[in-house]
Every structure is written in structure tokens, then in C-alpha cells.
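J.: Starting from these lines, generate the structure:
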Amino acid sequence: MADHFGVDLMRNSRGSLGVKFDEPSRRILVGTMNDAQDDLLDEKEDVTSTAVVAVADYVFAGTGAIEVNLGDDTAYRIEVVKIGRTRSGDRIALLPGSGIVGLPGDDDYPDIG
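T.: Numbering: from 1, shown residues only. Next comes the predicted model:
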């Protein structure tokens with residue numbers, strides 16, 4: 001079973017592996033799901049960085065945008081633009097389908113990662 005709180009990844013000898021966003025720590029955790037499939041058991045691993053990059057790669061490899069339906073008439077829309085630099089060091093946005101757009105300087109967009 002999977003929902004927007006936990007994604008069922010696979011079954012192992014201990015049970016179903018799942019991924020959850022932990023609101024208090026603001027981290028993405030992976031671990032074994034409980035029997036009710038609505039929470040992770042005690043043994044959890046922080047996969048925030050790799051999970052965010054994996055989702056960004058997945059979305060960018062497609063159309064650059066994806067909607068995740070939550071099943072209650074709401075959805076998340078995730079849009080990804082890859083940021084790079086020109087040879088002169090200016091910031092550019094690389095869009096899916098090979099489009100390139102110039103961007104404001106670094107001071108306008110602080111690094112959140």
C-alpha cells in the first residue's frame with residue numbers, strides 16, 4: 001500500500017520498505033513500514049539529499065514537470081529546471097528538450113541545499 005505519507009518501495013524479510021517526510025526534522029526518511037502501512041518503525045535512515053536529487057532527475061528526464069495526485073482532489077505539481085553556468089560564469093537554466101535561458105546572478109537565488 002502506498003499513499004502520499006509513505007511510498008511502498010519493496011518487501012523484504014522484515015516487511016515493506018517505505019519513504020516518508022518527517023515534518024519535525026524536515027528530513028526524508030526510509031525504513032520498514034509498520035503493519036498499518038502509515039508510519040516507519042524505529043530503524044530509519046535519512047535519505048533527504050539523495051531522494052531530492054533522484055526526484056529532480058526523474059522529473060527532468062521527462063517533461064520537466066509532474067503532478068502527484070494525493071487522492072483527495074488535491075495534487076502536488078513538481079517542476080524542475082537544471083541550473084548551470086556559461087563559460088563566462090553566468091547562470092543559465094537548462095530546460096528539458098535542450099532549451100537554455102539566462103538567469104539573474106547568484107545573490108538573487110541563495111543556495112538552500
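
J.: Go ahead and confirm N69 touches A75.
T.: Yes: here N69 reaches A75: they are 4.8 Å apart, a contact under C-beta atoms under 8 Å. Using the backbone N, CA and C atoms, a C-beta is placed for each residue, glycine as well.

J.: Which one of these two is surrounded by more residues?
T.: The residue with more neighbours, out of N69 and A75 and counting by other C-beta atoms under 10 Å, is A75; that gives 13 against 10.

J.: in stretch 76-94, what's buried?
T.: Residues of stretch 76-94 classed as buried under the neighbour-count rule (16 or more other C-beta atoms under 10 Å) are 80-81, 91.

J.: do stretch 42-58 as well
T.: 48, 51.

J.: So what's the gap between that stretch and the chain middle?
T.: Using C-alpha atoms, centre = their mean, to the nearest Å, we find the averaged C-alpha position of stretch 42-58 to lie 7 Å away from the chain's own average C-alpha position.

J.: Find me whatever residue is spatially closest to V52, sequence neighbours aside.
T.: By the measure of C-beta to C-beta, 6 or more residues apart in numbering, the closest residue to V52 outside its immediate chain neighbours is I28, 7.2 Å from it.

J.: phi, psi of the residue in the chain sticking out farthest from the centre?
T.: With distances taken from the mean C-alpha point of the chain and given as C-alpha atoms, centre = their mean, the most distant residue is S88, at 30.6 Å. Its backbone dihedrals place S88 at phi -90, psi 0, with angles given as degrees, to the nearest 10.
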